[in-house]
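**Q** What follows is a predicted protein model with its sequence.
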Number of protein chains: 2
Amino acid sequence: MVDDVFFDLLHHEMVNVFTGVPCNEASAEMNVSKLEQIGFMTGYRLSEKATKDCQRFKDELDVMKFICKEFWSSLFKKQIDNLRTNHQGVYVLLDNKFRFLTQITTSKQYMEILPKYLAFTCGLIRGALSNLGVVSVVTGEVVQSPSCRFQVQVQRS
Amino acid sequence: MVDDVFFDLLHHEMVNVFTGVPCNEASAEMNVSKLEQIGFMTGYRLSEKATKDCQRFKDELDVMKFICKEFWSSLFKKQIDNLRTNHQGVYVLLDNKFRFLTQITTSKQYMEILPKYLAFTCGLIRGALSNLGVVSVVTGEVVQSPSCRFQVQVQRS
């Protein structure tokens, strides 16, 4: 229990420290990008450890299913609720009850800050995918808190 | 298992991002202080949650024992190995196998960066104590990695 609480609190404070009272717009953007960067490296190394005894993945969709199931469960104790793809390199992952949003009030004044709570996780996804050979751009969007959507756009070489 | 690995990796990346390639000495210091600040707020809120069903602590030493046992165990899966005090507001907590240091090589070139791996935890201790009514200054020192010592200097009003 404490583990989960700790993880939630730590994430919350990271967001606060990185995104609270920036000097100007440029530094606000840099701070969110740092948060994404921490997520990226954490996701990269985590997926390396998590897959070291796995069989090779068949294809990109197989990698994506791993992210939605095993990877997500190990972090958030639940799977992604819905995975969609256009079969052209765009994947949409829907989490109906995203843990980092469940603790945050949905009152209007907080709506603006909610996207900041997705930056670290966008990085986590991008990093995990990168380690598994899928280079991508990941963006997050709050649908109706605590429901949110992560869009993965695979960058083909 | 993944929980622990995740926590370790996340901490490692936070340290990297905060303390890597600062523009100048002032910003290096600010970055370490941000890391301490994240620790402080996380520790503050965590001890609030962890003690909500506890009996009141008898005195300062009782609070300190809670930090060394329950608080430390919940985070690092082990207790502090040794607690000393001069009974005048200075407490020294010794961890013979501090988890954030066990993964780091002890080769000479890394010796300089090891203290950065204590900043977050100094903040955790200071925050947890603060929530329990003990205002303090906390410093950390690597004795011989992975062994390290945290010194708590209570600030009496």
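**A** Looks like it arrived, so ask away.

**Q** quick check, whatever helix or strand A:Leu129 lives in touching chain B?
**A** Assessed by DSSP states H and E, A:Leu129 sits inside helix A:116-131. No. Judged by Cβ under 8 Å from any Cβ of the partner chain, helix A:116-131 makes no contact with chain B; its nearest approach is 9.1 Å. In this view, the C-beta of every residue, glycine as well, is placed from N, C-alpha and C.

**Q** and A:Ser147, how many residues sit next to it?
**A** Using other Cβ atoms under 10 Å in any protein chain shown, the number of residues around A:Ser147 comes to 14.

**Q** List phi and psi for it.
**A** Here is the backbone geometry of A:Ser147 (degrees, to the nearest 10): phi -90, psi 130.

**Q** other SSEs contacting the helix holding A:Leu129?
**A** helix A:2-19, helix A:25-50, helix A:99-102, strand A:136-144, strand A:147-154 (3 or more Cβ pairs under 8 Å, 6 or more residues apart in numbering or on different chains; DSSP states H and E).

**Q** worst average pLDDT in these?
**A** With a mean of 77, helix A:2-19 has the lowest mean pLDDT of the helices and strands packed on helix A:116-131.

**Q** Buried residues of that one, list them for me.
**A** Buried residues in helix A:2-19, counted by 16 or more other Cβ atoms under 10 Å in any protein chain shown: A:5-15, A:17-19.

**Q** Same question for stretch A:146-154.
**A** A:146, A:148-152, A:154.

**Q** before we move on, the earlier item: quick one: average pLDDT of the helix holding A:Leu129?
**A** Averaged over helix A:116-131, pLDDT sits at 94.

**Q** just checking, A:Met14 touches B:His11?
**A** No. The criterion here is Cβ atoms under 8 Å, and A:Met14 misses it with B:His11 at 10.8 Å.

**Q** Please tell me how far the residue nearest the centre of chain A sits from A:Phe76.
**A** Centrality entry for chain A: nearest residue to the mean C-alpha point is A:Thr121, 2.2 Å, by Cα atoms, centre = their mean. Distance of A:Thr121 to A:Phe76, given as Cβ to Cβ, to the nearest Å: 9 Å.

**Q** Which neighbours do the two have in common?
**A** Counting by Cβ atoms under 8 Å, 6 or more residues apart in numbering or on different chains, the shared contacts of A:Thr121 and A:Phe76 are A:Phe98.

**Q** Brilliant, that's me finished.
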